[in-house]
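how does the following fold in three dimensions:
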Amino acid sequence: MSNKHLENILKIANKYVDEDISIVPIKIKQKELNYKSLREVISSKGFNLATIIPYLDRLPTNAELTAWFSSKENTIAIVTGYKDTICIDFDDKESFETWKNEYPDVFQNTPVQIGRAHV
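Purely as a prediction, here's the structure:
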């Protein structure tokens, strides 16, 4: 993974936080929370367990984002439940467009796309 790719992941992570969306690190291609990365940041704040619980109530700090997303082993997961955040994962843009047209009153936010299509 190139330094440019790492810079891009960190840039995307900062964009999420700027949009008031809480995020945590997951292992690339595994969709599994990276407990090691969480533990490194959380243990420095007096917690013993690696958990997403703090991020249900707050956004990650710049220092946390840098620690998590400067690593080649991490990518981004959205913390659902933070400020009632929900996510819907579409496997293609056509499915997203069908959903958006069917439920226009539900669709209030600009979709954030990583990979195929995510809202």
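
hang on, isn't residue 32 packed against residue 26?
Yes - assessed by Cβ atoms under 8 Å, residue 32 is found in contact with residue 26 at 6.0 Å. The C-beta positions use only the backbone N, C-alpha and C, and glycine is treated the same way.

which of those two has more neighbours?
residue 26 (20 against 10; other Cβ atoms under 10 Å).

for the longest helix seen in the chain, give the mean pLDDT please.
In the chain, taking DSSP state H as the definition, the longest helix is helix 3-18. Averaged over helix 3-18, pLDDT sits at 86.

for the helix or strand following that helix, packing partners?
Using DSSP states H and E, the next helix or strand after helix 3-18 towards the C-terminus is strand 23-27. The helices and strands touching strand 23-27, judged by 3 or more Cβ pairs under 8 Å, 6 or more residues apart in numbering; DSSP states H and E, are helix 3-18, helix 35-42, helix 62-69, strand 74-78.

in the chain, where is pLDDT below threshold?
Segments of the chain classed as low confidence (criterion: pLDDT under 70) are 1-2, 5, 42-49, 107-119.

now with 80?
Applying pLDDT under 80 to the chain flags residues 1-6, 41-50, 71, 86, 88-89, 104-119.

please state the offset of stretch 13-31 from the chain centre?
Mean-position distance between stretch 13-31 and its chain equals 2 Å (Cα atoms, centre = their mean, to the nearest Å).

ends of that stretch, how far apart?
Using Cα to Cα, to the nearest Å, the span of stretch 13-31 from its first residue to its last is 16 Å.

who touches that stretch?
32-34, 37-38, 52, 55-56, 58-60, 62, 65, 68-69, 71-79, 82-83, 85, 112 (Cβ atoms under 8 Å, 6 or more residues apart in numbering).
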